[in-house]
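[1] Structure for the following, please:
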Amino acid sequence: MQTGIQKLCAAVMTVLMIITALSGPIAAAAAQPEEEDVAAGFVTVTVRKEDIEKKGAAGEGGAIQAALDLAKDNATDAQPYKIVVEPGEYTVGEDSLLVYSNTWLSLDGVTIRRSAADSTMLRFGKEDGYSTGVTGYAYRNITIEPC
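    Residues are numbered from 1 along each chain as shown. Model (predicted):
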């Protein structure tokens, strides 16, 4: 027979499992490919202004970075990813936006400002250095518009 505390703990655990199950798909929905553009030779992912305002732009969990990471994990030479950021003014803090191969970053009507004076706003790849064997020349097929 369960005591009152055991019943309360079981109820709390059930609520936490439900919250966890619901929060996973919602968080991932911000950076999903829009399949209608696959026939055009690339996959388009639109980053919505409200997602950037809610989650931030860069860093872990940032809306723009989530889309760039989706491109990193899925884009190929034959099917690059086009990341379209909705027009607006956004701030990048200490974390840089990391762009990888086969990515087209469309920033039409977008202003990105840096809040930390000693940070880089945009980088090609996360690992860059002689100790990792990866240098800036390892990344290819990157387009940033408008230029």
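
[2] Residue 48 against residue 63, yeah?
    Yes. Under the criterion of C-beta atoms under 8 Å, residue 48 makes contact with residue 63 at 7.4 Å. To be clear about C-beta, it is placed using only N, CA and C from the backbone, and glycine gets the same treatment.

[3] Give me the more crowded residue out of these two.
    residue 63 (24 against 15; other C-beta atoms under 10 Å).

[4] ok, for that one, nearest residue in space, not its chain neighbours?
    residue 51 (4.0 Å; C-beta to C-beta, 6 or more residues apart in numbering).

[5] Ramachandran angles for that neighbour?
    Main-chain torsions, residue 51, degrees, to the nearest 10: phi -70, psi -40.

[6] 25 is where my numbering starts, stick with that
    Sure, I'll start counting at 25 from here, so that last one is residue 75.

[7] Report the beta-bridge partners for residue 114.
    For residue 114, the beta-bridge partners are residue 136 (DSSP bridges).

[8] For it, give its distance to residue 126.
    In this structure, residue 114 lies at 23 Å from residue 126, with C-beta to C-beta, to the nearest Å as the measure.

[9] So which bits of stretch 73-88 are buried?
    Burial within stretch 73-88, assessed by neighbour count using 16 or more other C-beta atoms under 10 Å, is assigned to 75, 76, 79, 80, 81, 82, 83, 86, 87, 88.

[10] Point me to the helix or strand that includes the last one.
    Put plainly, it is residue 88. Following DSSP states H and E, one finds residue 88 within helix 87-98.

[11] pLDDT on that helix, on average?
    For helix 87-98, the mean pLDDT works out to 95.

[12] Can you list the helices and strands that the helix or strand following that helix packs against?
    The helix or strand immediately downstream of helix 87-98 is strand 105-109, counting by DSSP H and E. Secondary-structure packing of strand 105-109 (3 or more C-beta pairs under 8 Å, 6 or more residues apart in numbering; DSSP states H and E): strand 67-71, helix 87-98, strand 127-130.
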